[in-house]
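K.L.:
here is a sequence with its predicted model. Questions after.
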Amino acid sequence: MVNKNNLNLTKEKEGDTDSSVKSALIQSSQSKEEDMGFKELYEQSLDQIKYGDIATGKVVQINADKVMVDVGWKTEGFIPISELMDAQGNINISVGDDIEVFVDKRDSEGNLILSRDKAAKLKVWDEIKHACENNIPVKGTVVEKVKGGLSVDIGVIAFLPGSQVDTRPIKDLDKFVGQTIDFHVLKYDRKRNNVVLSRRAIVAMERESEKKDTLSNIEEGSSVEGIIKNITDYGIFIDLGGIDGLLHVTDISWGRIAKPAESFHKGEKIKVKVLSFDREKERVSLGMKQLTENPWEHILERYPVGALVEGKVVNLTDYGVFIELEQGVEGLVHISEMYWTREIKHPSKVLNIGETVKVVVLEVNPEAKRVSLSLKQTTANPWEKLREKYPVGTVVKGTVRNITNFGVFVGIEEGIDGLVHVSDISWKHRVTHPSEYFKKGQEVEAVVLNVDIENEKFSLGIKQIEKNPWEDLAQKYASGSVVTGKITNFTDFGIFVEIEEGIEGLVHISEISQKRVKTSSELYAVGDSVSAIVKSIDIKSKKIRLSIKDMEAPPPVPTTNQYINNTENLGSNLAQALAEVKIGNQTKGE
């Protein structure tokens, strides 16, 4: 018999079993739904992150060779540790840091490989694309000079052509190496890893902006600063900020500027004054000397004639030395004003550039901006002492230092030479060239004829040591007296006869003979002894006129009868000649 209570209990148990089964089924159903939801989320995550994408992951572990990063995939990915090291080998990330990575691939074991380098490069290319399409500048560092331009690091290595470096041709591209500047992306090719940059447009924009500011602020008479852009022989071009101004060589200094390149350098910053400004043509004339007072305005007060002043040698030329007396004021010491007695071939033999010397002011011309100086006048004039020491008529001894066609230079003292003119060598002889009588180094005696202090000339005479023989000739050989001598020379106009040693007289061709003479050599030869009559003596010009024909007897004078007979004979001969002509004509007529 089944116990009812037992039956009820059984039923209750059965009910409990059904309830458990039902509950289990419900839980199972819920678990399946959760699994389905997780799968969908997983699949969605796979759809969101794909190979080749850039994802943000969290660093979960750092090992010796790799770094584990959770990017939300089923498994964690890893990055080679080398990609996260700096140049010193240090790792600058920590567990828990978020980093951008490139989802690359899976290795043979199914591990997900990530790359931070590829993520950075991919991001750079996106930035390059964006910058190129929207004309946005990118920053880059010039790495090195290459053929045709420069290599620039903008995250990837890009090329900057030389023509795109500036608005003007740049010769020295090396100066840009190491600089970080802005560029425009002209074009890019990601597949070929090629990017071409330009700086030209950015420079043009910057200069245009600078130009507007400069043009709005510049005015005549204002002082401005600029950078030297180019240097020429005629002046300096200065960048004032988008606009260039010319500083002409004549406006650089109140003094003399031979070559601007010797005093200035490209890239140097200088201060100048605006002399004139043409806004339409954008031309600016600049001056540098105008920033200081004109030193020539009161030059006569500071440097009176005769003053002893000090200056610095700034230039040496063939004709003299330029001395800087002060900034902008230079004076010339002519080569003739360097020494009283010493002959100077070139000033460089005496002075050097940069040397400080004392000089005397000779002349000041403020209008021409010229100052004449003298170096020799800082010492006593030796020519004044020379005239005191050697008055006219003094007999001196010296050595022949130089021989010219016009005379002989005789050294009397150190640096003092006297000139014996060719006309003062001999009373008696006609000197063709002094070298016939003198040699260099020969010792001679001479008489002082003159000391010209002003022209620094010392005149000597050798013939004056002896008495002038011509002074006695007028008494010795009076007009009409007969002299005898030898023929020394023939000329077209006569012959020269030596009547004493070194004393010659001229017999003109008209005075040689009573007969007509074509040439004197018809009658005489050199060395022949002849007698002549003295016609005149000119002591000043040292000339003696002689006559040979006056020594001859005069030709006989014809008588009256001889003259009549000759006339009759002439008439008879003329009549006979006329008769012969008449007979001849009649014969021809027959």
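P.N.:
Structure received.
K.L.:
do a quick rundown of the strands in the stretch 51-200 of the chain.
P.N.:
Ranges of strands within the stretch 51-200 of the chain are 54-62, 66-70, 77-80, 98-106, 112-115, 138-146, 149-153, 157-161, 180-189, 194-198, based on DSSP state E, counting those that start in this stretch.
K.L.:
so which elements touch the third one?
P.N.:
So that's strand 77-80. On a contact count with 3 or more CB pairs under 8 Å, 6 or more residues apart in numbering; DSSP states H and E, strand 77-80 meets strand 66-70, strand 98-106, strand 112-115. From N, CA and C alone the C-beta is placed, and that goes for glycine too.
K.L.:
for the shortest one, what is the average pLDDT?
P.N.:
Along strand 112-115, the predicted local confidence has a mean pLDDT of 76.
K.L.:
again with stretch 181-200
P.N.:
pLDDT averaged over stretch 181-200 equals 88, rounded to a whole number.
K.L.:
can you list contacts of it?
P.N.:
If you take CB atoms under 8 Å, 6 or more residues apart in numbering as the criterion, stretch 181-200 is touched by 125, 128-129, 131-132, 135, 137-140, 142, 152, 154, 156-161, 163-167, 201-202.
K.L.:
need the buried ones from these selected in PyMOL.
P.N.:
One line in PyMOL is enough to select the buried ones among the contacts of stretch 181-200; burial here means 16 or more other CB atoms under 10 Å:
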select buried, resi 125+128+131+132+137+138+140+142+152+154+156+158+159+160+164+165+166+202
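K.L.:
just to revisit the earlier point, CSV for the helices and strands packed on strand 77-80, including distance to residue 352 and mean neighbour count?
P.N.:
Output for those, formatted as CSV (distance: least, CB to CB, whole Å; neighbours: other CB atoms under 10 Å):
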stretch, distance to residue 352, mean neighbour count
strand 66-70, 73, 20
strand 98-106, 71, 17
strand 112-115, 71, 21
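K.L.:
just to revisit the earlier point, would you convert the strands of the stretch 51-200 of the chain into JSON lines that also reports distance to residue 287?
P.N.:
Compiled in JSON lines, the strands of the stretch 51-200 of the chain are given as follows (distance: least, CB to CB, whole Å):
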{"stretch": "strand 54-62", "distance to residue 287": "61"}
{"stretch": "strand 66-70", "distance to residue 287": "67"}
{"stretch": "strand 77-80", "distance to residue 287": "66"}
{"stretch": "strand 98-106", "distance to residue 287": "60"}
{"stretch": "strand 112-115", "distance to residue 287": "64"}
{"stretch": "strand 138-146", "distance to residue 287": "37"}
{"stretch": "strand 149-153", "distance to residue 287": "38"}
{"stretch": "strand 157-161", "distance to residue 287": "38"}
{"stretch": "strand 180-189", "distance to residue 287": "34"}
{"stretch": "strand 194-198", "distance to residue 287": "38"}
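K.L.:
where does this protein have low pLDDT?
P.N.:
Per-residue confidence for the chain (pLDDT under 70) gives these ranges: 1-53, 73-75, 87, 104, 108-110, 553-590.
K.L.:
mind listing what residue 402 touches?
P.N.:
Listed by CB under 8 Å, 6+ apart, the contact set of residue 402 reads 408-409, 417, 440.
K.L.:
and which of these is nearest to residue 84?
P.N.:
Distance ranking of the contacts of residue 402 against residue 84, using CB to CB, places residue 417 first at 94.2 Å.
K.L.:
right, and that closest one touches residue 401 too?
P.N.:
Yes - under the criterion of CB atoms under 8 Å, residue 417 lies in contact with residue 401, with a separation of 5.9 Å.
K.L.:
compare the two (neighbour count), which wins?
P.N.:
residue 417 (20 against 14; other CB atoms under 10 Å).
K.L.:
quick check: bridge partners of the more buried one?
P.N.:
residue 411 (DSSP bridges).
K.L.:
for it, give its distance to residue 61.
P.N.:
Counting by CB to CB, to the nearest Å, the gap from residue 417 to residue 61 is 106 Å.
K.L.:
and what of residue 469?
P.N.:
Relative to residue 61, residue 469 is positioned 134 Å away (criterion: CB to CB).
K.L.:
okay, the two: which has more neighbours?
P.N.:
The residue with the greater number of neighbours, taking residue 469 and residue 61 and applying other CB under 10 Å, is residue 469; the counts read 16 against 12.
K.L.:
and the more buried one, what is it in contact with?
P.N.:
With contacts defined as CB under 8 Å, 6+ apart, the neighbours of residue 469 are 427-428, 500, 502-503.
K.L.:
where's it relative to residue 537, distance?
P.N.:
Computed with CB to CB, the distance linking residue 469 and residue 537 is 12 Å.
K.L.:
cool, residue 380 as well?
P.N.:
Separation of residue 380 from residue 537 (CB to CB): 49 Å.
K.L.:
those two: who's more crowded?
P.N.:
A count of neighbours by other CB under 10 Å puts residue 537 above the other of residue 380 and residue 537, at 19 against 10.
K.L.:
assumed the more buried one was part of a helix.
P.N.:
No - using DSSP: H, G, I helix; E, B strand; the rest coil, the assignment for residue 537 is strand, not a helix.
K.L.:
show the backbone phi and psi for residue 436.
P.N.:
Geometry field for residue 436 lists phi and psi as phi -70, psi -20, criterion degrees, to the nearest 10.
K.L.:
circling back: what do residue 417 and residue 401 both touch?
P.N.:
For the pair residue 417 and residue 401, residues contacting each of them under the criterion CB under 8 Å, 6+ apart are 409-411.
K.L.:
my read is that residue 378 contacts residue 361, right?
P.N.:
No - in this structure residue 378 lies outside contact range of residue 361 using CB under 8 Å: 11.1 Å.
K.L.:
of the two, which one has the most company?
P.N.:
Set side by side, residue 378 and residue 361 give different neighbour counts by other CB under 10 Å, the larger being at residue 361 (21 against 12).
K.L.:
direction included, what does the helix or strand hosting that one pair up with?
P.N.:
Applying DSSP states H and E as the criterion places residue 361 in strand 356-365. The partner list of strand 356-365 in its sheet, established with DSSP bridges, is strand 308-316 (antiparallel), strand 370-374 (antiparallel).
K.L.:
all strands of the stretch 251-400 of the chain, in order?
P.N.:
Counting by DSSP E, counting those that start in this stretch, one finds strands in the stretch 251-400 of the chain at the ranges 269-278, 283-287, 308-316, 320-326, 329-334, 356-365, 370-374, 395-404.
K.L.:
dump those strands into TSV; add distance to residue 96 as well.
P.N.:
As requested, these are exported to TSV (distance: least, CB to CB, whole Å):
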stretch	distance to residue 96
strand 269-278	52
strand 283-287	63
strand 308-316	74
strand 320-326	75
strand 329-334	78
strand 356-365	77
strand 370-374	84
strand 395-404	104
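K.L.:
how long is stretch 93-107 end to end?
P.N.:
End-to-end distance for stretch 93-107, by CA to CA, to the nearest Å: 24 Å.
K.L.:
actually, stretch 59-68.
P.N.:
Terminal residues of stretch 59-68 lie 6 Å apart, using CA to CA.
K.L.:
distance from the chain centre to that stretch, please.
P.N.:
Stretch 59-68 sits 68 Å away from the centroid of its parent chain (CA atoms, centre = their mean, to the nearest Å).
K.L.:
mind listing residues that contact it?
P.N.:
By CB under 8 Å, 6+ apart, the list of residues contacting stretch 59-68 from outside reads 69-70, 76-81, 84, 91, 93-99.
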